[in-house]
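Visitor: got a predicted structure plus its sequence, pasted below:
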There are 2 protein chains.
Amino acid sequence: MSNFGERLRQQVLDRSPLCLGIDPSSATLASWERPDNVDGLLYVALTLVEVASAVTGIVKPQVAFFERFGSAGVAALERVIAEASTAGLLVIADAKRGDIGSTNDGYAQAWLSPRSPLSSDALTVSPYLGVTAMESLRHACETFDRGLFVVVASSNPEGQAIQAARDDQGQRVDSALLEQLASLNESTPGVFGAVIGATRHAPQFPLSRLGAPFLVPGVGAQGGTPSDVARLFVGVPTGSVVVNVGRAISDAGPERRAVTDAARRWRDDLVAALL
Amino acid sequence: MSNFGERLRQQVLDRSPLCLGIDPSSATLASWERPDNVDGLLYVALTLVEVASAVTGIVKPQVAFFERFGSAGVAALERVIAEASTAGLLVIADAKRGDIGSTNDGYAQAWLSPRSPLSSDALTVSPYLGVTAMESLRHACETFDRGLFVVVASSNPEGQAIQAARDDQGQRVDSALLEQLASLNESTPGVFGAVIGATRHAPQFPLSRLGAPFLVPGVGAQGGTPSDVARLFVGVPTGSVVVNVGRAISDAGPERRAVTDAARRWRDDLVAALL
């Protein structure tokens, strides 16, 4: 039986571990000499979708940069997701959603149901309200072969206060979360992926036992390298690590050829380090 | 000088501590005998805005239930926010957003800038990536007199694993967060509010020292009562506690009079317990 983890792994093996981050911030639009409005946003985002489909198999639109234009920005995101899916790309919606039980029904309907215009292959979620509160998201993933990426160890330093706190068994929050996700993946394999920043140390829980893919931010503009990723994920099944590169590729714009060349270099470096 | 905390406190003293939760879930639409689409959503949400403006001064739309219809649902939310603001209600967008630094610019533009169609008086945020990573949200709040409600102690039991973990000084995550928010409120007063569920025990850090308002979920359908809230927040400045009641009011529908009567009863009970 297929599941999200297997689908993603096959895509990584067929194409590459590079996930192209679609981050149409005000700053990126300015550097591409495009107006900071929905037209500028769509130009940059759709160009990055085309570049991604020429170079790799996965994209990660950052929802915040679409949401800043309200419903018009969200409509632009719907078009970006549709064009990426039509081009055969897997789409990870980077929304860091997550709430208590009944509210997660709404997020499951929004991001994981195939009937939604925002329907994506996977959704990033934030764990502060508890991953066991995410039953309706889990159920949607199981039904529709979708996945979640739970933020476990973020790439930024400010998250450490919470992520390094210890539970009543003395286990760090990040490590305890991984153990909990691994346990959830025993009943629904491949669903509960984890976000672990390239700039972090390996948590105590063995990464090879997660049973679902990893999404790795922090490579490129934030200073992480493909070799950092290879060291951090040594022993993890080949193809289970997806590395996001955003600004380090889009900053090569606005020339499409320069962006494509930058994406190819990152892809080749990641293939050499991880496959 | 005005700030969000003072604005909210004045509204509570002028009107009441009741925040009417606008939660147009599939289940609520069904119980109101409305179709589970954008029309049904708008009918329920706008009716609740009218009820709120007759009874109290604050509403909290739950963004997940709008987002489930994609950009059309977000456009409906824009209308709900606009009508609530026109009616003189304070709007708390319950979105549980939060990311690393540059991405939070996008969320600040979306929810806090007066130029955004989603512009709200306050936004709920999730702290797992670190509240000190929220500089652009803080800056927007300071510039536009808006506020944040950081989820500290959620009303559901599943969040306990992380919220009760201990940092390297042996302090619980929820208590350490409150201390951090209080410190941030010293430089920008009234900005960093906290979400504390009515069904939780009081964190170790004295709630009276936060320097910003509290938003309290968990009353009504989740079992918390106005007296629970009064006990939990004893000693906190009068008017600084806002209590959300959602389903316990909207479940009295679809008759508008029954919904209004339910809202009045909750308002009167909260006024008696807290003011």
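Guide: Sure thing, it's come through.

Visitor: report how many residues lie close to residue A:39.
Guide: By the criterion of other CB atoms under 10 Å in any protein chain shown, residue A:39 has 12 neighbours. Every C-beta, even on glycine, is put in place using the N, C-alpha and C of the backbone.

Visitor: in the helix or strand it falls within, what's buried?
Guide: Counting by DSSP states H and E, the element that carries residue A:39 is helix A:38-55. Buried residues in helix A:38-55, counting neighbours by 16 or more other CB atoms under 10 Å in any protein chain shown, are found at A:38, A:40-49, A:51-53, A:55.

Visitor: identify all contacting residues around that helix.
Guide: Residues from elsewhere that reach helix A:38-55, judged by CB atoms under 8 Å, 6 or more residues apart in numbering or on different chains: A:16, A:18, A:20, A:22, A:24, A:28-29, A:32, A:34, A:58-59, A:61, A:65-66, A:69, A:72-73, A:75-77, A:79-80, A:83-84, A:87-89, A:249-250, A:253, A:256, A:259-260, A:263-264, A:267.

Visitor: weed out the non-buried ones from those.
Guide: Neighbour counting with 16+ other CB under 10 Å marks A:16, A:18, A:20, A:22, A:24, A:28-29, A:32, A:34, A:58-59, A:61, A:65-66, A:69, A:72-73, A:75-77, A:80, A:83-84, A:89, A:249-250, A:253, A:259-260, A:263-264, A:267 as buried within the contacts of helix A:38-55.

Visitor: sorry, back to before: how about the CA coordinates for the helix holding residue A:39, as CSV?
Guide: Output in CSV follows, covering the C-alpha atoms of helix A:38-55 (Å, rounded to 0.1, in the frame of the first residue of the first chain):
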residue,chain,number,x,y,z
VAL,A,38,-0.4,39.9,-6.0
ASP,A,39,0.9,40.2,-9.6
GLY,A,40,4.5,40.4,-8.5
LEU,A,41,3.9,37.5,-6.1
LEU,A,42,2.4,35.3,-8.8
TYR,A,43,5.3,36.1,-11.2
VAL,A,44,7.9,35.1,-8.7
ALA,A,45,6.1,32.1,-7.4
LEU,A,46,5.1,30.7,-10.8
THR,A,47,8.7,31.2,-12.1
LEU,A,48,10.0,29.2,-9.2
VAL,A,49,7.5,26.4,-9.9
GLU,A,50,8.8,26.2,-13.5
VAL,A,51,12.4,26.2,-12.3
ALA,A,52,11.5,23.5,-9.7
SER,A,53,9.9,21.3,-12.3
ALA,A,54,13.0,21.5,-14.5
VAL,A,55,15.4,20.6,-11.7
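
Visitor: next one: the following helix or strand past it to chain centre, how far?
Guide: Counting by DSSP H and E, the next helix or strand C-terminal to helix A:38-55 is strand A:58-61. The chain centroid and the centroid of strand A:58-61 are separated by 7 Å, computed with CA atoms, centre = their mean, to the nearest Å.

Visitor: cool, stretch A:242-251 as well?
Guide: Distance, stretch centre to chain centre, for stretch A:242-251: 11 Å (CA atoms, centre = their mean).

Visitor: quick check on residue A:205: phi, psi?
Guide: In terms of degrees, to the nearest 10, the main-chain angles of residue A:205 are phi -70, psi 130.

Visitor: for the stretch 151-275 of chain A, just list every one of the strands.
Guide: For the stretch 151-275 of chain A, the strands defined by DSSP state E, counting those that start in this stretch cover A:192-196, A:214-216, A:241-245.

Visitor: roughly how far apart are the residue lying closest to residue A:85 once chain neighbours are set aside and chain B?
Guide: Nearest residue to residue A:85, sequence neighbours excluded (CB to CB, 6 or more residues apart in numbering or on different chains): residue A:91, at 6.1 Å. Note on residue A:91: its distance to chain B, by CB to the nearest CB, to the nearest Å, is 14 Å.

Visitor: tell me the angle the helix or strand hosting residue A:91 makes with strand A:192-196.
Guide: Using DSSP H and E, residue A:91 maps to strand A:90-97. Angle, strand A:90-97 to strand A:192-196, by axes from the mean of the first three to the mean of the last three CA atoms, to 10 degrees: 80 degrees.

Visitor: what helices or strands is strand A:90-97 leaning on?
Guide: Counting contacts by 3 or more CB pairs under 8 Å, 6 or more residues apart in numbering or on different chains; DSSP states H and E, strand A:90-97 is packed against helix A:4-14, strand A:58-61, helix A:70-86, helix A:101-111, strand A:122-125.

Visitor: residues in contact with it: which ones?
Guide: Outside of strand A:90-97, the residues within contact range by CB under 8 Å, 6+ apart are A:7-8, A:11, A:19, A:21, A:57-63, A:81, A:84-85, A:104, A:107, A:111, A:118, A:120-126, A:149, A:151, A:215, A:242, B:64, B:96-99, B:126, B:129.

Visitor: if we can go back for a sec, turn the strands of the stretch 151-275 of chain A into JSON lines, columns for mean pLDDT, mean neighbour count and distance to residue B:138.
Guide: Formatted as JSON lines, those follow (pLDDT from 0 to 100; neighbours: other CB atoms under 10 Å in any protein chain shown; distance: least, CB to CB, whole Å):
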{"stretch": "strand A:192-196", "mean pLDDT": "98", "mean neighbour count": "28", "distance to residue B:138": "24"}
{"stretch": "strand A:214-216", "mean pLDDT": "98", "mean neighbour count": "26", "distance to residue B:138": "27"}
{"stretch": "strand A:241-245", "mean pLDDT": "98", "mean neighbour count": "28", "distance to residue B:138": "26"}
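
Visitor: and those: which comes nearest residue A:156?
Guide: strand A:192-196 (11.6 Å; CB to CB).

Visitor: low-confidence ranges in the stretch 1-150 of chain A?
Guide: The stretch 1-150 of chain A contains residues with pLDDT under 70 at A:1.
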